[in-house]
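Participant: no sequence on this one, just coordinates:
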């Protein structure tokens, strides 16, 4: 009886999905909002990458919420690990070998350049503050893998994270005061496809990249400095 019921449910679900799929137009976008953004986004926002227009302009408050969630998660993990620091009398882990140290030193400037490039061109090409911020975090954490005795300056990391988050909110409030919409693009749209276009959206992505990079780098550095507490 149970097998028959499961088979009946699966058949009904398959029929329901088939009916829904039959009513969807093939090759046409079913989302009205998506069609509106595709048609008006480049002219209204000035960003060649419409994903950037959606993330920072049309749903910028959601992006601010995502940044807040990331900050809360990083802060929570940091508080949990704060009482689990490596004991002062414990010998640090030995440094990595020549290959790891040389690779870390070689990749650091390359990762910084790539991360900054992705952040600065987020309004033109796929990428942006979140992706570039992760690469920047990896650039600063990679040398710590080869030199476990070193650590990031958490005071500087906290300042960068705080200033970047504050800049994001201030730009949004500036747009709210001038245009009546939070995070509405300011400073003109510029020429579509050029580096200096999309108004304040590139500035927002710079703030996002620095905030994400600082939070993730600080979190990974804390994990690297931490040893699980012995019972």
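Facilitator: Perfect, I can see it now. Just so we're clear, the structure is a prediction, and the values are computed from it rather than from any experiment. Numbers count the residues shown, from 1 in each chain.
Participant: stretch 45-60: how far from the chain's middle?
Facilitator: 15 Å (Cα atoms, centre = their mean, to the nearest Å).
Participant: distance between the ends of stretch 147-155?
Facilitator: 20 Å (Cα to Cα, to the nearest Å).
Participant: residues of that stretch that come out buried?
Facilitator: 147, 152 (16 or more other Cβ atoms under 10 Å). C-betas here are computed from N, CA, C, even on glycine.
Participant: which residues of the chain score low on pLDDT?
Facilitator: Within the chain, the stretches falling below the threshold (pLDDT under 70) are 1-4, 24-34, 82-96, 226-231.
Participant: ranges for the helices of it?
Facilitator: 2-23, 32-45, 50-53, 60-81, 98-120, 129-146, 154-179, 201-225 (DSSP state H).
Participant: tell me which strands and helices the third one is in contact with?
Facilitator: Judged by 3 or more Cβ pairs under 8 Å, 6 or more residues apart in numbering; DSSP states H and E, the packing partners of helix 50-53 are helix 32-45, helix 201-225.
Participant: of the helices of the chain, which is nearest residue 190?
Facilitator: helix 201-225 (9.7 Å; Cβ to Cβ).
Participant: now the closest one: buried residues?
Facilitator: Neighbour-count burial for helix 201-225 flags 201-222, 224-225 (criterion: 16+ other Cβ under 10 Å).
Participant: check the offset of that helix from the chain's centre.
Facilitator: 8 Å.
Participant: equivalent analysis for stretch 218-228, please.
Facilitator: With Cα atoms, centre = their mean, you get 20 Å for stretch 218-228.
Participant: now render the helices of the chain as CSV, adding distance to residue 192.
Facilitator: Listed next are those as CSV, based on distance: least, Cβ to Cβ, whole Å:
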stretch, distance to residue 192
helix 2-23, 36
helix 32-45, 6
helix 50-53, 11
helix 60-81, 20
helix 98-120, 17
helix 129-146, 20
helix 154-179, 20
helix 201-225, 12
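Participant: deepest of these, which one?
Facilitator: Neighbour counts (mean count of other Cβ atoms under 10 Å) averaged over each of the helices of the chain peak at helix 201-225, with a mean of 23.
Participant: list the contacts for the residue nearest the centre of the chain?
Facilitator: With distances taken as Cα atoms, centre = their mean, the residue of the chain nearest its centroid is residue 130 (2.2 Å). Counting by Cβ atoms under 8 Å, 6 or more residues apart in numbering, residue 130 makes contact with 208, 209, 212.
Participant: Serialize the residues you listed to TSV and add fields for distance to residue 54.
Facilitator: Output for those, formatted as TSV (distance: Cβ to Cβ, whole Å):
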residue	distance to residue 54
208	14
209	17
212	18
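Participant: residue 111: which of the residues you listed is nearest?
Facilitator: Taking Cβ to Cβ as the measure, residue 209 is the one of the contacts of residue 130 closest to residue 111, at 12.9 Å.
Participant: next up, the contacts around the closest one.
Facilitator: 115, 116, 118, 119, 122, 128, 129, 130, 132, 133, 136, 164.
Participant: what do you get if the cut-off is 6 Å, keeping everything else the same?
Facilitator: Counting by Cβ atoms under 6 Å, 6 or more residues apart in numbering, residue 209 makes contact with 119, 129, 132, 133.
Participant: now swap in residue 127 and tell me
Facilitator: residue 118.
Participant: that older thread, widest-spaced pair of the contacts of residue 209?
Facilitator: By the measure Cβ to Cβ, 119 and 133 form the most distant pair in the contacts of residue 209, at 7.0 Å.
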